[in-house]
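Novice: got a predicted model here, sequence first, then my questions.
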Amino acid sequence: MEEVLVLVSDREPGVLKVMEVADELRIGRNQAYELVRSGQLRAVRIGQAIRVTREALDEFKAGREAAARAR
């Protein structure tokens, strides 16, 4: 049987912190929080922490790309 080594850094996390979302979108922290507050970016609150699923981020990015193509 062959063993396969998977490094944790090779996998994308399924849940992201708002700062990680901001980094990926290349926007500021406040702008990322505003996207969540306004409902443009779906997020969940876990206690005081706000988390964004990878799926929600991908949907947001797809919507932005579609809007850019429509212009």
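Specialist: That came in fine, so what should we check first? Only a predicted model underlies this, so the values are computations on that prediction, with no experimental measurement involved.

Novice: measure the residue positioned nearest the centre of the chain to residue 27 for me?
Specialist: To find the centre residue of the chain, average its C-alpha atoms and take the closest one (C-alpha atoms, centre = their mean): that gives residue 57, at 3.7 Å. When C-beta to C-beta, to the nearest Å is applied, the distance between residue 57 and residue 27 equals 12 Å. Every C-beta, even on glycine, is put in place using the N, C-alpha and C of the backbone.

Novice: how far away is residue 3 from residue 57?
Specialist: Per C-beta to C-beta, residue 3 is found 32 Å from residue 57.

Novice: and residue 9, what pLDDT?
Specialist: In the predicted model, residue 9 carries a pLDDT score of 52.

Novice: repeat that for the one 4 residues further on.
Specialist: Per-residue confidence for residue 13 comes out at a pLDDT of 78.

Novice: for the nearest residue to it once chain neighbours are set aside, the count of nearby residues, please.
Specialist: In space, not counting the residues next to it along the chain, residue 13 is nearest to residue 54; the distance is 7.0 Å by C-beta to C-beta, 6 or more residues apart in numbering. By the criterion of other C-beta atoms under 10 Å, residue 54 has 14 neighbours.

Novice: tell me who's in contact with residue 54.
Specialist: By C-beta atoms under 8 Å, 6 or more residues apart in numbering, residue 54 lies in contact with 12, 13, 14, 15, 16.

Novice: and the helices in this protein?
Specialist: Counting by DSSP state H, the chain has these helices, from start to end: 18-25, 29-38, 54-70.

Novice: packing partners of the first one?
Specialist: Just to be clear, that refers to helix 18-25. Based on contacts counted as 3 or more C-beta pairs under 8 Å, 6 or more residues apart in numbering; DSSP states H and E, the elements that helix 18-25 packs against are helix 29-38, strand 49-53, helix 54-70.

Novice: which residues touch it?
Specialist: 13, 16, 28-29, 31-33, 36, 41, 43, 50-52, 57, 61.

Novice: same thing but at 10 Å, please
Specialist: 12-13, 16-17, 27-33, 35-36, 41, 43, 49-52, 54, 56-57, 60-61, 64 (C-beta atoms under 10 Å, 6 or more residues apart in numbering).
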